[in-house]
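> Structure for the following, please:
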Amino acid sequence: MGAYIVRRFLWAILLLLVVSFLTFVIFDVFPSADPAVLRAGRNATPALIHQIRINLGLNKPFYIQYWRYLKGLALHFDLGYSYYNSESVRSEIFSRLPATISLTVGAFIVWMLIGLPVGIVSAIRPRTLLDRTLMGGALVAISAPVYFIGLLALFLFANGTGLVNWFDGAGSYVPISQSPATWFGSLILPWFTLAAAFAAFYARMTRGNLIDTMGEDYIRTARAKGLRESLVIGKHGLRAALTPIVTMAGMDVGLLLGGAILTETVFNIPGVGRYAYEAITNSDLPAIQGTVLFGAFFIVFANLVVDILYAFLDPRVTYG
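You can find the predicted model right below:
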């Protein structure tokens, strides 16, 4: 397995290099607006724009610019400085990362605790009224956009703006180090909002995978040996059915760690997704580029972890 992990790390580095090159070409070589003009601001003069182009190295060939950017990225994780407030993009992302991690981890727990049991119940009671009701509700949850669910949750349950004042509303987030109780209360609505569509999707996937698995020969053999049905489902059926779920979970968590833009924007959570939204609004190219690379890193890393976990979840997987 050690050789496999090394190969995966090398592929991950290669993939990140490709992503960095593509984002550099899009935002630095063929940008929608001149980076020097964006950096200079509204009252820019031709002389100031020219000086900024020299300071940023925009007057040099693109391959020299990319090498300079790549060297700073590899040696110091330097993502540049914001055109909007001149702050370090790396510092801005790291300062907002705890909020995004809090949102992602909490939502992941919620959608797993809801999605997997619902999928299992539907799989062991297929085509019953309970199954049709659960899957019908899952279809509704998948179809509803995140921003619609978030606004509806604020309208119904948020303190001050909701019909019933049960939970903290938008803009109430505080770090867990400041007040754990307030932190937890401020994330209840965002957690369930973000988890709704994921829980529904995982429920449907779990149901389909488990139904297919329960028709395998080794399942019939286990039943013929007289094993309890709960043991057949839990030890033999569910373990094999969860392999695709682990794949999707790794990708989804990696994607959300890069920023849950809609949820963080609706609930005004100062996370990486909110930072990406503000960067897009302000045409802040270094910030956009930095959040893209940051999200790509989490996705690549999550896929590496998932591949390693396969060996423990499915004994049929080998790394020879």
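> Break this structure down into its domains, please.
What automatic domain parsing lists as the domains of the chain is 2-76, 90-313.
> Make JSON lines from those domains and add distance to residue 83 and mean pLDDT to it.
For the C-beta atoms, the positions are set from N, CA and C on the backbone; glycine is no exception. Formatted as JSON lines, the domains of the chain follow (distance: least, Cβ to Cβ, whole Å; pLDDT from 0 to 100):
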{"stretch": "domain 2-76", "distance to residue 83": "5", "mean pLDDT": "80"}
{"stretch": "domain 90-313", "distance to residue 83": "5", "mean pLDDT": "89"}
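> Can you tell me which of those domains is nearest to residue 82?
domain 90-313 (5.3 Å; Cβ to Cβ).
> Any idea how far the strand or helix carrying residue 199 is from the middle of the chain?
Assigned by DSSP states H and E, residue 199 belongs to helix 180-213. The gap between where helix 180-213 is centred and where its chain is centred comes out at 13 Å by Cα atoms, centre = their mean, to the nearest Å.
> So which of the domains of the chain is the most surrounded?
Of the domains of the chain, the one with the most neighbours on average (mean count of other Cβ atoms under 10 Å) is domain 90-313, at a mean of 18.
> roughly how far out does that domain sit from the chain middle?
9 Å.
> For residue 139, give me its contacts.
200, 204 (Cβ atoms under 8 Å, 6 or more residues apart in numbering).
> Next, residue 270: phi, psi?
phi -80, psi 70 (degrees, to the nearest 10).
> so it touches residue 174, yeah?
No - Residue 270 is beyond contact range of residue 174, at 10.1 Å (criterion: Cβ atoms under 8 Å).
> Identify the residues contacting the strand or helix carrying residue 47?
Using DSSP H and E, residue 47 falls within helix 46-56. Residues from elsewhere that reach helix 46-56 (Cβ under 8 Å, 6+ apart): 34, 35, 36, 37, 39, 40, 58, 59.
> try 10 Å
28, 34-41, 44-45, 58-60, 65, 68, 80-81, 83, 286 (Cβ atoms under 10 Å, 6 or more residues apart in numbering).
> and what of stretch 21-29?
Here stretch 21-29 has contacts from 31-32, 35, 56-58, 62-63, 65-66, 69-70, 73, 80, 285-286, 288-293, 296, using Cβ under 10 Å, 6+ apart.
> Between the two ends of that stretch, how far is it?
10 Å (Cα to Cα, to the nearest Å).
> go on, stretch 268-285?
Stretch 268-285: ends 22 Å apart by Cα to Cα.
> ditto for stretch 221-228
End to end - Cα to Cα - stretch 221-228 spans 12 Å.
> Let me know the helix or strand that the spatially closest residue to residue 77 that is not a sequence neighbour is in.
Spatially, and ignoring its direct neighbours in sequence, residue 77 is nearest to residue 90 (5.8 Å; Cβ to Cβ, 6 or more residues apart in numbering). Assigned by DSSP H and E, residue 90 falls within helix 89-124.
> so what secondary structure elements neighbour that helix?
Contact here means 3 or more Cβ pairs under 10 Å, 6 or more residues apart in numbering; DSSP states H and E; on that basis helix 89-124 packs against helix 129-143, helix 180-213, helix 238-241, helix 243-257, helix 261-266, helix 272-281, helix 285-313.
> Let me have the ones you listed in JSON lines, adding distance to residue 52 as columns.
Listed next are the helices and strands packed on helix 89-124 as JSON lines, based on distance: least, Cβ to Cβ, whole Å:
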{"stretch": "helix 129-143", "distance to residue 52": "47"}
{"stretch": "helix 180-213", "distance to residue 52": "39"}
{"stretch": "helix 238-241", "distance to residue 52": "57"}
{"stretch": "helix 243-257", "distance to residue 52": "33"}
{"stretch": "helix 261-266", "distance to residue 52": "29"}
{"stretch": "helix 272-281", "distance to residue 52": "19"}
{"stretch": "helix 285-313", "distance to residue 52": "13"}
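> between those, which one is nearest to residue 97?
That would be helix 272-281 among the helices and strands packed on helix 89-124, by Cβ to Cβ, at 6.1 Å.
> could I get that closest one in PDB with only the CA atoms?
What follows is helix 272-281, C-alpha atoms only, in PDB (Å, rounded to 0.1, in the frame of the first residue of the first chain):
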ATOM      1  CA  VAL A 272     -14.200  30.600   2.500                       C
ATOM      2  CA  GLY A 273     -17.400  30.400   0.400                       C
ATOM      3  CA  ARG A 274     -18.400  33.800   1.500                       C
ATOM      4  CA  TYR A 275     -15.000  35.100   0.700                       C
ATOM      5  CA  ALA A 276     -15.200  33.600  -2.800                       C
ATOM      6  CA  TYR A 277     -18.600  35.300  -3.300                       C
ATOM      7  CA  GLU A 278     -17.200  38.600  -2.300                       C
ATOM      8  CA  ALA A 279     -14.100  38.100  -4.500                       C
ATOM      9  CA  ILE A 280     -16.400  37.400  -7.500                       C
ATOM     10  CA  THR A 281     -18.500  40.400  -6.700                       C
END
